[in-house]
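**Q** what's the 3D shape of this:
(one chain, ligands or ions: 1)
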Amino acid sequence: MAASRSTRSSGGSRPLAAASSNLVPVGESPPGYRAGFACFVGRPNAGKSTLTNALVGSKVAITSGRPQTTRHAIRGIVHRDDAQLILVDTPGLHRPRTLLGQRLNDVVRATLSEVDLVGFCMPADEPLGRGDRFIAEELARLPKRTPIIAILTKTDKVADHDRVGARLLEVAKLGDFHDIVPVSAVRSFQVDVLADVLVSHLPTGPALYPDGELTDEPEQVMVAELVREAALEGVRDELPHSLAVVVEEMIPREDRPADRPLLDVRVHVFVERPSQKAIVIGAGGSRLKDVGSRARSQIEALLGTPVFLDLHVKVAKDWQRDPRQLRRLGF
Ligand SMILES: Nc1nc2c(ncn2[C@@H]2O[C@H](COP(=O)(O)OP(=O)(O)OP(=O)(O)O)[C@@H](O)[C@H]2O)c(=O)[nH]1
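**A** Numbers count the residues shown, from 1 in each chain. Below is the predicted model of the structure:
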């Protein structure tokens with residue numbers, strides 16, 4: 001498993017090179033090598049991002065105690081001697097209530113139709129519900145050749161083994177799964193077993209990414225996600241759905257000595273109502289300052305360069321229901 005992020009230039013507003021330009025020449029991998037794409041689905045908060053991070057061994061997808069925080073298909077790549085497993089993290093698939101909800105579901109369906117296998121995550125500590133059945137119905141419509149692995153997440157939250165067993169039986173009845181694997185990403189319980197199972201369903205073929213590459217997500221998207229994660233910490237329940245973050249530009253500051261570079265990162269945080277703007281900014285700007293400093297240290301860690309983070313909070317009225325605004329915000 002790769003331990004460190006590959007070195008990247010952080011200059012300019014250019015996103016990372018597209019994955020296809022990094023492809024390893026065909027034929028360099030050992031015989032029997034497997035490589036392919038897997039996608040985790042599951043209702044909000046099922047533990048998909050945490051599991052992605054546990055498998056990849058580095059923080060590539062944001063995680064949050066609040067549902068519906070993963071808006072982009074973030075890839076984490078598991079490098080093994082025998083395989084390369086490329087994980088695509090998606091938003092939660094759920095019954096849509098807004099235009100944004102419909103768009104997010106479309107993103108998930110498009111992803112599902114392209115991957116080599118699907119991992120269906122269900123938390124062990126919560127009963128199966130309508131959300132899970134909705135997803136199971138969606139998965140049943142996939143082409144038959146796409147293997148579906150049921151993953152019972154967060155087993156550490158259930159002390160009683162019999163309850164885990166009962167939940168596994170319930171899961172088995174929910175669909176036609178190739179395997180069912182209980183895991184705890186937090187305790188690293190069975191994460192390797194799950195990796196083996198997922199890899200066993202990948203097609204044989206050469207590596208698709210260079211060794212050490214952990215994600216091909218454009219830097220700007222990851223920066224936006226880090227700001228979003230910081231802005232969501234400790235806020236009221238309705239805010240997560242109303243927050244969108246857009247990185248306007250990332251430009252190296254001119255006239256800096258070579259040994260003291262500074263990257264100017266300009267970010268817009270969009271909310272739906274003036275009252276939400278007040279929440280994000282906080283009394284006298286105190287909250288926004290906190291959000292900025294937390295996000296900045298994460299961004300500096302990600303990019304490996306000092307950053308000046310310029311955060312602006314803007315109201316985009318009812319953006320979740322407005323097709324024009326949705327397009328502008330990248331949905
Ligand atoms: N105890 C325990 N908590 C977990 C585990 N996996 C995830 N969690 C917690 O569950 C919450 C949700 O986890 P995420 O990984 O963000 O869930 P998600 O499915 O990606 O969520 P969305 O982005 O809303 O779709 C977070 O508070 C995690 O810390 C686990 O194995 N054990």
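**Q** helices or strands next to the strand or helix carrying C39 in the packing?
**A** Per DSSP states H and E, C39 falls inside strand 34-42. Judged by 3 or more Cβ pairs under 8 Å, 6 or more residues apart in numbering; DSSP states H and E, strand 34-42 is in contact with helix 48-56, strand 83-89, helix 99-112, strand 117-123, helix 130-140, strand 148-153, helix 191-200. In short, each C-beta sits where N, CA and C put it, glycine included.
**Q** residues contacting D290?
**A** D290 makes contact with G282, according to Cβ atoms under 8 Å, 6 or more residues apart in numbering.
**Q** check P203 too.
**A** Contacts of P203 were listed using Cβ under 8 Å, 6+ apart, and they are 34-36, 116.
**Q** quick check: phi and psi at it.
**A** Reported as degrees, to the nearest 10, the phi and psi values for P203 are phi -70, psi 150.
**Q** P306: neighbour count?
**A** 15 (other Cβ atoms under 10 Å).
**Q** shouldn't it be in contact with D264?
**A** No. The pair P306 / D264 is not scored as a contact, 10.5 Å apart, by Cβ atoms under 8 Å.
**Q** chain center to the helix or strand H268 falls within: distance?
**A** Following DSSP H and E, one finds H268 within strand 263-271. Taking Cα atoms, centre = their mean, to the nearest Å, one finds the center of strand 263-271 at 20 Å from the center of the full chain.
**Q** OK, contacts around I86?
**A** Residues near I86 by Cβ under 8 Å, 6+ apart: 35-38, 75-78, 208-209.
**Q** quick check: bridge partners of it?
**A** Taking DSSP bridges, one obtains F37, I77 as the residues bridged to I86.
**Q** that one and E126, how far apart?
**A** Look at I86 and E126: by Cβ to Cβ, to the nearest Å, they are 29 Å apart.
**Q** now A207
**A** A207 is 37 Å from E126, by Cβ to Cβ.
**Q** quick one: which of these two has more around it?
**A** The neighbour count for A207 versus E126, taken as other Cβ under 10 Å, is higher for A207 (22 against 17).
**Q** A helix includes the more buried one, no?
**A** No. Note on A207: no helix contains this position according to DSSP: H, G, I helix; E, B strand; the rest coil, which reports coil.
**Q** related to what we said a few turns ago, nearest to the ligand, of the helices and strands packed on strand 34-42?
**A** helix 48-56 (3.3 Å; Cβ to the nearest ligand atom).
**Q** so which bits of the closest one are buried?
**A** Across helix 48-56, burial judged by 16 or more other Cβ atoms under 10 Å covers 48-56.
**Q** again with stretch 254-269
**A** Quick answer for stretch 254-269 (16+ other Cβ under 10 Å): 263, 265-269.
**Q** what do you get for stretch 148-167?
**A** Across stretch 148-167, burial judged by 16+ other Cβ under 10 Å covers 148-155, 158, 164, 167.
**Q** please verify my assumption that F308 contacts V265.
**A** Yes. Counting by Cβ under 8 Å, F308 does reach V265; the two are 6.9 Å apart.
**Q** of the contacts of I86, closest to V191?
**A** Proximity of the contacts of I86 to V191 (Cβ to Cβ) peaks at V78, which lies at 10.2 Å.
**Q** any idea how far the closest one is from the ligand?
**A** Separation of V78 from the ligand (Cβ to the nearest ligand atom, to the nearest Å): 16 Å.
**Q** same deal with V115?
**A** Distance, V115 to the ligand, by Cβ to the nearest ligand atom: 17 Å.
**Q** quick check, that residue in contact with R145.
**A** No. Applying Cβ under 8 Å as the test, V115 and R145 come out as separate, 11.5 Å apart.
**Q** looking at the two now, which is surrounded by more residues?
**A** V115 (19 against 7).
**Q** quick one: the more buried one is in a strand?
**A** No. Under three-state DSSP, V115 falls outside any strand and is assigned coil.
**Q** quick one: residues contacting it.
**A** By Cβ under 8 Å, 6+ apart, the neighbours of V115 are 36-39, 88, 146.
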